[in-house]
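In: 3D, please:
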Amino acid sequence: IPRPLPAQPVEPPPHFITAGGWRPYVPAGRTLVPVPIPSNVHGLPTLRWSVLTGQEFPIPAGYFIGPNEKGEGVFGAPNRPTSTLIYATMDSGTVPALTEENRRQAVEDLRWWRASVVVLGAQPKEAVLRELMTGLLGQPQRVDDVWLWDVRPLVD
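Out: Residues are numbered from 1 along each chain as shown. Down below sits the predicted model:
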């Protein structure tokens, strides 16, 4: 017998997002990179950030159903090395030993995504994700209710 899908609670987005605190940091043609990067497994709450603002700022990855480079059907954009590292850290709950290659790849991925800022809001894996992103990008700023890495000097 068909029955309704069960409802699940949804984390509210950060005030930084809903109040427009992101605006001075994300110029036209650049992206706000939420952590975790949206995927069908790890980043559904961060995907909502852009949606709730009427998609006023672009984000990397996001919702996608279509062919990959081999013509196979896929759900979601292909992972970049940094998004894979973020997901692995979330799954294990620990930050791996980071290398200069990880840091180099993070900057390359930020350039690929046309990033201006990386933003981490409150969530269950916040502590380990903050440690990971600090290891990759340096110390963040606390802006309103998020951790923010202004990466424009790294990618320009």
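
In: Could you list the residues in contact with the helix or strand bottoming out on mean pLDDT in the chain?
Out: Ranked by mean pLDDT, DSSP states H and E, the weakest helix or strand in the chain is strand 73-75, scoring a mean of 77. The contact list for strand 73-75 (Cβ atoms under 8 Å, 6 or more residues apart in numbering) reads Asn40, Phe64, Ile65, Gly66, Pro67, Asn68. Where you see a C-beta, it was placed from the backbone N, CA and C, and this is true even at glycine.

In: Let's see that with 10 Å instead.
Out: Residues outside strand 73-75 that contact it (Cβ atoms under 10 Å, 6 or more residues apart in numbering): Ser39, Asn40, Val41, Tyr63, Phe64, Ile65, Gly66, Pro67, Asn68.

In: For the fourth one, report the pLDDT, please.
Out: Right, Tyr63. Listed pLDDT for Tyr63 reads 67.

In: sorry, back to before: and the next helix or strand after the least confident helix or strand of the chain, how far out from the chain middle?
Out: Going down the chain from strand 73-75, the next helix or strand is helix 81-92, by DSSP states H and E. In terms of Cα atoms, centre = their mean, to the nearest Å, the centre of helix 81-92 is set 11 Å apart from its chain centre.

In: With stretch 34-43 instead?
Out: Using Cα atoms, centre = their mean, the offset of stretch 34-43 from its chain centre is 6 Å.

In: Partner strands of the least confident helix or strand of the chain, with direction?
Out: Sheet pairing of strand 73-75 (DSSP bridges) gives strand 65-67 (antiparallel).
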